[in-house]
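>>> Sequence and predicted structure, then a few things I'm wondering about:
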Amino acid sequence: MATSSVKFLGQLGWRLIRVQKSRTDAFLAVAQKGSLRGLCRAYGTSGSSVTAKLSRVVQRSNTRVLGGCAFLLGGGIGLYQTFKLSVHQTHLSEDETPMQESDSETKLTLYQYKTCPECSKLRAFLDYYGIPYETVEVSPVTRQEIKWSEYKKVPVLMIEGKETLVRANNYTHILKQINNAQLNDSSVIISAMKTCMIDKSKSLPEVISYYPRLTSTNIFGREVTEFTNRYWVMLNEIAIELIYPSKNARKQEVRWRQWADDWLVNLISPNVYRSPAEALASYDHIVRQGKFGPVEGVLAKYMGAVSMFFISKLLKIWYRLQDDVRQDLYSAVDEFITAIGRRRKFMGGDRPNLADLAVYGVLRAMEGLQAFDDVMERTKVKKWYLAMEKATREHHGQE
C-alpha cells in the first residue's frame, strides 16, 4: 500500500505514541469522522465498524510495538512519499499485448500501473469483451503521464474519437457520442460500460452521470473521492429480468464485486510483503514491470521493500489477521469458490459475470509471486482461475 496508506498508517503510529492512553477514545472519535477508502472499509464493515476495530486493536496491542514500528517506518515513509508510489502497486506478471485496430476512428487509452489490481481488473473486463485499447505505463515517481488529469490515480481510461469503434460486435455502440472523454475508477467504468452494453438506448456520457463523484476531506486534511452506485449496473426492471436469472443473482454480483475491493485487495499487501525475502521479491517485480529510472528503481526496490514489510505488519494488526496471514488469504479465496458452488462454472453461471472478472483481476495481480503460487496450490481456485484466464484471453464476452 502506498501514498494514502502510508500517510494514514504513519500518522496513526505517531499519534498512538504521543497520545496518552486516557485520550485514545477521543482520538478514535475524531478518526471516525474520516472517509478513508480501503483503510476505513473491510469486508462487511463501514467506517464506524473499522473505528471500533481500531479501538480493540489499541486496547489489545502493546503500544510499544506500534511505537517501534512507527519509528522504523520514519525513514522509509519519507522516501516512500517522495516516490509517491501508488496504493495500487501490487503485482502482475502477465505478458500483455494491447489490442489495436488501425481503421478505428475511436481510440481507448488506459493509463495504468501494470502491477495495479484495479488496472488489472479493468483490463480483464476490456479483454473479456474484446474491446480494443492501448496502454500507457505511468511513472509512479513523477506521474507525468497523467498530470493533465485532475484525477491523480490510476486507472484512467481516455476515449478519443468521433463515432464508434469499427468492430462487428454488440458492444461498439457504447462509444457513440464520445469525444475525448476521461473515465475514472475501475468499478465505475466497468458498471457504466456494462450498462450500455445491455441498454443500447443509453449513451456512455448519460450513464456516467448515474455515478456521481463525492469528495470530502479526511482527518489528515487530504481530499478523498467516492462514487455512488459504483457496483450497480443501472437497468430497468425489464432488462434486469432478461439479463439476470433472478434478482438475487444481481445482488450477489454486487456483493462479490464489493467484497473484492473491500476485502480481497486488502489481503494482498500483508501477503506479498509477509517476510523480508517476499517483500524484496515483490519490489523487484514491481520495478521490472513498472516505469522506473535506474537510480529510482534501485531505491524503490530496497527502500520500498523495507517500508512495506513494516507497513504490512501494521496492516495485519489493522485488519486483525492471523499470525500466518496466508491463512486469511486462503480462507477468502475458498469462500468465493464455495459461493460459486459445484453446479456453476462461474459466479455468473456458464459465463463469467462482473464479480468473476473483479476477483480474477485482483488475483492476477499477484502472478509471479510466492503468494500467488501458494494460493493456486493450497486452495480450490485453480480450475476456476484457468477457466477465467482462457475466457479473458479468447474474448468470450464477444459471443
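It's in. Here the structure is a predicted model, which is why all the values come from computation and not from measurement.
>>> is it fair to say residue 226 lies in a strand?
Yes. With DSSP: H, G, I helix; E, B strand; the rest coil as the criterion, residue 226 is part of a strand.
>>> Residue numbering should commence at 598 henceforth.
Okay, residue one is now 598; in that scheme the one you just asked about reads as residue 823.
>>> Relative to residue 750, how far out is the residue nearest to it when sequence neighbours are not counted?
Of all residues not flanking residue 823 in the chain, residue 811 sits nearest, at 4.9 Å (CB to CB, 6 or more residues apart in numbering). C-beta coordinates here come from the backbone N, C-alpha and C atoms, glycine included. With distances taken as CB to CB, to the nearest Å, residue 811 is found 15 Å from residue 750.
>>> which one of those two has more residues nearby?
Taking neighbours as other CB atoms under 10 Å, residue 811 and residue 750 compare with residue 750 leading, 22 against 10.
>>> is it true that the more buried one touches residue 781?
Yes. Between residue 750 and residue 781 there is a contact under CB atoms under 8 Å: 7.3 Å.
>>> in what helix or strand does residue 892 lie?
helix 891-915 (DSSP states H and E).
>>> Would you mind splitting this protein into its domains for me?
Using automatic domain parsing, the domain parsing of the chain gives 600-686+875-915, 704-833.
>>> Just give me the neighbour total for residue 747.
Neighbour tally, residue 747, other CB under 10 Å: 7.
>>> what's near enough to touch it?
Counting by CB atoms under 8 Å, 6 or more residues apart in numbering, residue 747 touches no other residue.
>>> Kindly recompute the last result at 10 Å.
Neighbouring residues of residue 747 by CB atoms under 10 Å, 6 or more residues apart in numbering: 779, 781.
>>> just to revisit the earlier point, the residue nearest to residue 823 in helix, strand or coil?
Assignment for residue 811 (three-state DSSP): strand.
>>> same question, residue 748
coil.
>>> For it, give its distance to residue 708.
10 Å.
>>> If you count surrounding residues, which of those two has more?
The residue with more neighbours, out of residue 748 and residue 708, is residue 708; 22 against 15, by other CB under 10 Å.
>>> ranges for the strands of the stretch 698-847 of the chain?
704-709, 731-734, 753-757, 778-781, 810-814, 820-824 (DSSP state E, counting those that start in this stretch).
>>> Mind listing the strands the second one pairs with, and their directions?
Okay, so that is strand 731-734. Strand 731-734 sits in its sheet next to strand 704-709 (parallel), going by DSSP bridges.
>>> any weak-confidence spans in the stretch 698-847 of the chain?
The model of the stretch 698-847 of the chain has pLDDT under 70 over residues 698-702, 758-777.
>>> Helices along that one, start to end?
714-725, 783-795, 801-805, 834-840, 844-856 (DSSP state H, counting those that start in this stretch).
>>> Would you format these as CSV with mean neighbour count included?
Below are the helices of the stretch 698-847 of the chain laid out as CSV (neighbours: other CB atoms under 10 Å):
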stretch, mean neighbour count
helix 714-725, 26
helix 783-795, 23
helix 801-805, 18
helix 834-840, 12
helix 844-856, 17
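>>> Which one, of those, ends up nearest to residue 911?
Closest of these to residue 911 is helix 714-725, at 19.6 Å (criterion: CB to CB).
>>> Packing partners of that closest one?
strand 704-709, strand 731-734, strand 753-757, helix 783-795, helix 951-961, helix 979-990 (3 or more CB pairs under 10 Å, 6 or more residues apart in numbering; DSSP states H and E).
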